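Undergrad: Here's a sequence, model it:
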Amino acid sequence: MKKVAIPIANEIISEYLCGCSQFVFYDMETKGITATENNVNDFSNENEVRLWIKNNGITDIILHRIKKELIELFTSEKINLFVGVPLVSAEEIIEVYRCGKLESDKSIIAEITN
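TA: This is a model prediction of the structure:
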């Protein structure tokens, strides 16, 4: 199963993972889209984040920005990250993702990793 998580704030992708109010999940097998309230209180708590990944079956995360410290955590869990996506609705991002045209923004990656 392949499941994508997209952090949302004010009906568009949240600028930061920690600032989201909900997550939109897209299941590649069923093509289903669901939304849930953000129930991760502390993204700096590795155990809580790992449990969130496992409980939701997440394989990919699409976001605008991410703290450098979280990159290692997600990659250690074999999560694919798409970073630097535009601040638009989840539906717009899912459509680009489904077409295989979603790419990370290299300038934002360089900014985060330097």
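
Undergrad: Against Leu70, how distant is the residue nearest the centre of the chain?
TA: Centroid-nearest residue in the chain, with Cα atoms, centre = their mean: Ile61, separated by 2.8 Å. According to Cβ to Cβ, to the nearest Å, Ile61 and Leu70 sit 9 Å apart. Using the backbone N, CA and C atoms, a C-beta is placed for each residue, glycine as well.

Undergrad: Could you tell me which residues touch both of the two?
TA: When Cβ atoms under 8 Å, 6 or more residues apart in numbering defines a contact, the residues bordering Ile61 and Leu70 alike are Leu17.

Undergrad: Which strands and helices lie in contact with the longest helix along the chain?
TA: Longest helix of the chain, by residue count under DSSP state H: helix 46-56. Other elements packing on helix 46-56 under the criterion 3 or more Cβ pairs under 8 Å, 6 or more residues apart in numbering; DSSP states H and E are helix 68-76.

Undergrad: Beyond the helix it packs on, next helix or strand please.
TA: Where DSSP states H and E defines the elements, the next helix or strand beyond helix 68-76 is strand 80-83.

Undergrad: State the distance from Ile108 to Arg50.
TA: From Ile108 to Arg50 the distance is 25 Å (Cβ to Cβ).

Undergrad: swap that for Leu81, please
TA: For Leu81 relative to Arg50 (Cβ to Cβ), the value is 15 Å.

Undergrad: same question, Ile8
TA: In this view, Ile8 and Arg50 are 22 Å apart by Cβ to Cβ.

Undergrad: for this structure, what spans make up the strands?
TA: For the chain, strands defined by DSSP state E occupy the ranges 3-9, 12-13, 22-27, 33-37, 60-63, 80-83.
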